[in-house]
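Peer 1: pasted the sequence and its predicted model underneath.
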Amino acid sequence: MLAFLFDEAGSDRVAGLFEEAAEADYTVWIAAPNWAEVRYMIERKVGQAHWERARAQLLGLPLKIAPVDQSLAELAGEIKAFKKMSLADCFAAALAKQKQSDVYTGDPEFREVENKIRVVWL
């Protein structure tokens, strides 16, 4: 999301994902901890007003925020127990595993789980 919002490397691939999702009527998912991460990073970098605009933009896309339930939390905890990844990244990986979907990322921490989930490298 940050690459998309800040027009960083890979932003075109994320934009393409949203375009495909809109055309095919499917959903792009983000785990609630990752949504929180997007918010705090935007506010830290460019302030609350930018977050308000970014939030409105994101919520206008075919994007859903997956709440953390016991199943997702336990799966993220299992990943965290054995992999050197941040907890937020473990939630992203857990959601991808749970939904049997891809993770779009440039974060090298995901090399830890690319044999367990599909990673699309930005």
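Peer 2: Thanks, I have it.
Peer 1: contacts, neighbours, all on C-alpha from now
Peer 2: Fine.
Peer 1: show me where the protein has its helices.
Peer 2: Counting by DSSP state H, the segments of the chain that form helices are 2-5, 11-24, 32-46, 48-59, 70-82, 87-99.
Peer 1: let's have those in TSV, adding mean pLDDT.
Peer 2: Below are the helices of the chain laid out as TSV (pLDDT from 0 to 100):
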stretch	mean pLDDT
helix 2-5	92
helix 11-24	95
helix 32-46	97
helix 48-59	96
helix 70-82	98
helix 87-99	97
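Peer 1: so which of those is nearest R118?
Peer 2: When the helices of the chain are compared for distance to R118 using CA to CA, the nearest one is helix 87-99, at 7.9 Å.
Peer 1: picking that back up, highest average neighbour count across the helices of the chain?
Peer 2: helix 87-99 (a mean of 21; mean count of other CA atoms under 10 Å).
Peer 1: that one vs helix 32-46, what angle?
Peer 2: 140 degrees (axes from the mean of the first three to the mean of the last three CA atoms, to 10 degrees).
Peer 1: so what's E8 up against?
Peer 2: Listed by CA atoms under 8 Å, 6 or more residues apart in numbering, the contact set of E8 reads L2.
Peer 1: do the same with V120
Peer 2: Applying CA under 8 Å, 6+ apart, one finds that V120 lies in contact with 102-105.
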